[in-house]
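[1] One predicted model, sequence on top.
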Amino acid sequence: MTRCGGFSVAEEVRKLVYLHGVLCETLRLFRPVPLEHKASIKADILPSSHKIGPDTEVMFSLYAMKRMEDIWGPDCLQFKPERWISSYFVWVRRWHSSKRR
């Protein structure tokens, strides 16, 4: 593990909660791959209630989905790293940090 000034770099990076939020929000709004496709192995029903048969390919736009108000709320077009940070997330990070000491 790389050390810098007596601190583990990996340990220090794990504490950067806001940086994690910025990275997640950047990837939410600016996906490296705008479209995704999946293929079914057997007949299934999608969350939208559409029935699909076996060997059916479904393509969906991650670009559009990551901007849907129904999923992300009325501020879906705003860059808000805070949406990825919760008190639970901060608590888990602190707990993991205390266990490694």
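    Nice, I can see it. Keep in mind the model is a prediction, meaning the values are calculated, not measured.
[2] hey, where'd the strands end up in the chain?
    In the chain, the strands defined using DSSP state E lie at 3-4, 7-8, 35-39, 44-45, 51-52, 57-61.
[3] mind putting those strands in TSV, mean neighbour count and distance to residue 19 included?
    Just so you know, the C-beta spots here come from the backbone N, C-alpha and C atoms, and that holds for glycine as well. Shown next, in TSV, are those (neighbours: other Cβ atoms under 10 Å; distance: least, Cβ to Cβ, whole Å):
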stretch	mean neighbour count	distance to residue 19
strand 3-4	9	17
strand 7-8	12	16
strand 35-39	10	26
strand 44-45	11	38
strand 51-52	12	39
strand 57-61	11	28
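[4] Including distance to residue 24 and mean pLDDT, could the ones you listed go into TSV?
    Output for those, formatted as TSV (distance: least, Cβ to Cβ, whole Å; pLDDT from 0 to 100):
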stretch	distance to residue 24	mean pLDDT
strand 3-4	25	60
strand 7-8	23	70
strand 35-39	17	92
strand 44-45	29	94
strand 51-52	30	94
strand 57-61	19	92
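[5] Output these as TSV; include the columns distance to residue 17.
    Formatted as TSV, the strands of the chain follow (distance: least, Cβ to Cβ, whole Å):
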stretch	distance to residue 17
strand 3-4	20
strand 7-8	17
strand 35-39	28
strand 44-45	37
strand 51-52	39
strand 57-61	30
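[6] Tell me where the model's unsure across the chain.
    The model of the chain has pLDDT under 70 over residues 1-7, 87-101.
[7] From the centre of the protein outward, give me the first residue you hit.
    residue 24 (5.4 Å; Cα atoms, centre = their mean).
[8] The residue nearest to that residue when sequence neighbours are not counted: neighbour count?
    Leaving aside its sequence neighbours, residue 24 sits nearest to residue 84 (Cβ to Cβ, 6 or more residues apart in numbering; 4.3 Å). Using other Cβ atoms under 10 Å, residue 84 has 16 other residues around it.
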